[in-house]
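Student: attaching a predicted model along with its sequence, questions to come.
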Amino acid sequence: MKNNGKRLSAWSHARHDIVEWDVPNWSVALDYWQEHTACDLPSIHALEIGSRRGGLSLWLALCGAHVLCTDIDGPSEIAAEKHFEYGVSRQVEYADLDALDIPYAEAFDVVLFKSVLGGIGRGNRKDRQCRAVAEMYRALKPGGELWFAENLVAHHARPQRGGLHPAQPGRRPGPGSTLAPWISDYFGKISSN
Ligand SMILES: C[S@@+](CC[C@H](N)C(=O)[O-])C[C@H]1O[C@@H](n2cnc3c(N)ncnc32)[C@H](O)[C@@H]1O
């Protein structure tokens, strides 16, 4: 597949800056997305939701993509410092963005996040998780992909707009374990590992 050339292993020194915690488990998602996407990564415009310290944005920028790196109150200063350190600052923009109210429509080739929906749905608020996914769907261009990794699972979805999720062996089943059925209400194709 066309994006297989530069796998995360090529940036083994950067793994910690990209994945940050529980690196062996979450790293699986990166290779999975890269293998299964229909996108040509150097030509995409992506949106990272709930980025905090900019890890997934760093990874996508290293793959050649342009990324809007966001969090509910904006990513931390560490994100921009990290992107500067790796020489990808020109490919990354930053914004405050609430997943429940995304001010974009049909704007991105890829929307991605890691460990965000669980918190949004805390207190059994599946309605908030549904709303966040609906907002992400709206932000994607037709044919765009949603990539996500939550405790238990990671996803990529391709509109029609379509979905990827690699399982996280050894992690406790959380809200992620029940995500796929209702995410597929929005996304035509969901693949998982
Ligand atoms: C567990 S942290 C994960 C951070 C980062 N994605 C990572 O994997 O290291 C959850 C993140 O979701 C963000 N978040 C919580 N509610 C959000 C919302 N409504 N919209 C966007 N981000 C949100 C938090 O600010 C936090 O950065």
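Tutor: Thanks, I have it. Bear in mind the structure is a predicted one, so any value in this text is a computation, not a measurement.
Student: how about the helices of the chain, start to end?
Tutor: Using DSSP state H, the helices of the chain run over 15-19, 23-36, 55-62, 77-85, 117-120, 126-139, 179-183.
Student: could you look over those and pick the most buried one?
Tutor: Across the helices of the chain, averaging neighbours per residue (mean count of other Cβ atoms under 10 Å) puts helix 55-62 on top, at a mean of 26. Where you see a C-beta, it was placed from the backbone N, CA and C, and this is true even at glycine.
Student: rewinding a little: with mean pLDDT and distance to residue 110 added, can I get the helices of the chain in CSV?
Tutor: As requested, those are exported to CSV (pLDDT from 0 to 100; distance: least, Cβ to Cβ, whole Å):
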stretch, mean pLDDT, distance to residue 110
helix 15-19, 92, 16
helix 23-36, 90, 9
helix 55-62, 96, 8
helix 77-85, 97, 17
helix 117-120, 92, 16
helix 126-139, 95, 10
helix 179-183, 62, 15
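Student: out of these, nearest to residue 145?
Tutor: helix 23-36 (8.3 Å; Cβ to Cβ).
Student: residue numbers of this protein in contact with the ligand?
Tutor: Applying Cβ under 6 Å from any ligand atom, we find that the chain lies next to the ligand at 20, 49-52, 55, 71-72, 98-100, 114-116, 119-120.
Student: show me how to select, in ChimeraX, the buried members of the residues you listed.
Tutor: Remark: buried members of those, expressed as a ChimeraX selection using 16 or more other Cβ atoms under 10 Å:
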select :20,49,50,51,52,55,71,72,98,99,114,115,116,120
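Student: next step: the residues of the chain next to the ligand restricted to strands.
Tutor: 71, 114 (DSSP state E).
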